[in-house]
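# Mind folding the following:
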Amino acid sequence: MRKPELAAAIAEATDLSKEKAAEVITAFTDQVAKALGEGDTVSLIGFGTFEVRDRAERQGKNPQTGEPITIAAAKVPAFKPGKGLKDSVQ
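Here you go, the predicted model:
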């Protein structure tokens with residue numbers, strides 16, 4: 001499902017217009033990104049938690065030459081699903 005399809009489904013479920021539902025999705029994703037950028041976590045009980053994780057420096061290979069390269073440490077966004085979401089998938 002892509003953003004327009006999600007907006008249409010939300011619009012149908014909430015009696016909002018598709019445009020307003022798309023604005024809500026954009027506002028939600030912007031706020032999650034802002035919180036993660038500030039080092040916070042975003043927890044939605046039953047759905048999951050968005051958080052920032054530290055990825056350690058590691059060794060990799062250049063796929064064209066096979067030459068070893070060092071991949072720098074980084075902070076990456078991550079999502080940990082909650083029990084309700086896990087149960088709905090099974």
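
# List the buried residues in the longest helix seen in the chain.
Longest helix of the chain, by residue count under DSSP state H: helix 18-37. Under the neighbour-count criterion of 16 or more other C-beta atoms under 10 Å, helix 18-37 has 21, 22, 32, 36 buried. Where C-beta positions appear, they are placed from N, C-alpha and C, glycine not excepted.

# The residue nearest to the second one when sequence neighbours are not counted and residue 31, how far apart?
Leaving aside its sequence neighbours, residue 22 sits nearest to residue 7 (C-beta to C-beta, 6 or more residues apart in numbering; 4.1 Å). In this structure, residue 7 and residue 31 are 17 Å apart, going by C-beta to C-beta, to the nearest Å.

# Same question for residue 15.
Here the criterion is C-beta to C-beta. By it, residue 15 lies 23 Å from residue 31.

# ranges for the strands of the protein?
42-44, 48-55, 58-61, 68-71, 74-81 (DSSP state E).

# Among these, which comes closest to residue 87?
The closest approach between residue 87 and any of the strands of the chain, judged by C-beta to C-beta, belongs to strand 74-81 at 9.8 Å.

# I'd like the average pLDDT over that closest one.
For strand 74-81, mean pLDDT is 96.

# Identify the residue nearest the geometric centre of this protein.
residue 79 (5.9 Å; C-alpha atoms, centre = their mean).

# residues contacting that one?
48, 49, 50, 51 (C-beta atoms under 8 Å, 6 or more residues apart in numbering).
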